[in-house]
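Chemist: Here's my sequence, what's the structure:
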Amino acid sequence: MLFDCIHPDDLPRVHESIITSANTLEQWSCDYRIVRDCGTQWVRGTSQPERDPDGSITWHGVITNIDDQKRLEQKLEHLAITDELTGLYNLRYLLMKLDECAAETERYGTTFSVASLDIDYFKSVNDRWGHPTGDRVLQGIAELLRQRTRRADIVARTGGEEFIALMPRTGPDDARHLMETLRNDLAEKVFTSDSGDAFSVTLSAGVASWSEHTDSVSLLLSACDRSLYAAKHAGRNCVLIDSR
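Modeler: From the prediction side, this is the model:
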């Protein structure tokens, strides 16, 4: 049957769209995936339903391969929310997820935490060994962030050497523990310059959690930044929690 080749995840949506078109006699148009021996492909089905005298419906349409178009759209969507150098999310995507977490917290009474991270003395890495080495350091830190954070966490690069981690349903103590683990792991990681020099870097981090006293995402981020600045003033290479 025609429906046998439709991807199982798309089948309910295709069925629903066909039923709607049949009931309204409006043109049916639906993008969905089909499964073939060579893999999965995107197609677009377009058809005009026509009611016959006996009450049955005749469909007149075509199915077009739009696989290249869909993959391009997905690539562009990915580029729109990620940082090109590190592959982490960008600030735009992070802010969207922060708003979603805030709405969930207001509705269900859960909490979440945010950590601002900054690489200590990163300018000296670029000045001493050059920007290509600095870029590799940022990529290495990004990979460490992916490994040490959880699947539900959102990590974004928000500036040159600045990162923010959003930790849903996570209180301040657990968030701090996660950042401390990351800080320790980074301090032990060895980087190598183009000239073969081995070196390491450290990070400072500030943690803030949504509470009954938090009025907005911007105030939460400000509290997070204050904790980060305090960590830097305390000598760097440490994690501090907002003390509101």
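Chemist: Name the next helix or strand following the strand or helix carrying residue 167 along the chain.
Modeler: Take DSSP states H and E as the rule and residue 167 turns out to sit in strand 162-168. Moving toward the C-terminus from strand 162-168, the next helix or strand (DSSP H and E) is helix 172-188.
Chemist: got the angle for that next one vs strand 162-168?
Modeler: Orientation check (axes from the mean of the first three to the mean of the last three CA atoms, to 10 degrees): helix 172-188 against strand 162-168 gives 140 degrees.
Chemist: Helix 172-188: how far from the chain's middle?
Modeler: In terms of CA atoms, centre = their mean, to the nearest Å, the centre of helix 172-188 is found 20 Å from the chain centre.
Chemist: So which elements touch the lengthiest strand in the chain?
Modeler: When the chain is parsed with DSSP state E, its longest strand is strand 39-51. Based on contacts counted as 3 or more CB pairs under 8 Å, 6 or more residues apart in numbering; DSSP states H and E, the elements that strand 39-51 packs against are helix 11-24, strand 28-36, strand 57-65, helix 67-81. To be clear about C-beta, it is placed using only N, CA and C from the backbone, and glycine gets the same treatment.
Chemist: For the first one, enumerate the helices and strands it packs against.
Modeler: I take that to be helix 11-24. strand 28-36, strand 39-51.
Chemist: got the CA positions of that helix in PDB?
Modeler: In PDB, the C-alpha atoms belonging to helix 11-24 read as follows (Å, rounded to 0.1, in the frame of the first residue of the first chain):
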ATOM      1  CA  LEU A  11       2.000   8.700   9.300                       C
ATOM      2  CA  PRO A  12      -0.600  10.100  11.800                       C
ATOM      3  CA  ARG A  13       0.000  13.700  10.500                       C
ATOM      4  CA  VAL A  14      -0.500  12.500   6.900                       C
ATOM      5  CA  HIS A  15      -3.700  10.700   7.800                       C
ATOM      6  CA  GLU A  16      -5.100  13.700   9.600                       C
ATOM      7  CA  SER A  17      -4.300  16.000   6.700                       C
ATOM      8  CA  ILE A  18      -6.000  13.700   4.200                       C
ATOM      9  CA  ILE A  19      -9.100  13.400   6.400                       C
ATOM     10  CA  THR A  20      -9.300  17.200   6.800                       C
ATOM     11  CA  SER A  21      -9.000  17.700   3.000                       C
ATOM     12  CA  ALA A  22     -11.600  15.100   2.300                       C
ATOM     13  CA  ASN A  23     -14.100  16.700   4.700                       C
ATOM     14  CA  THR A  24     -13.500  20.300   3.400                       C
END
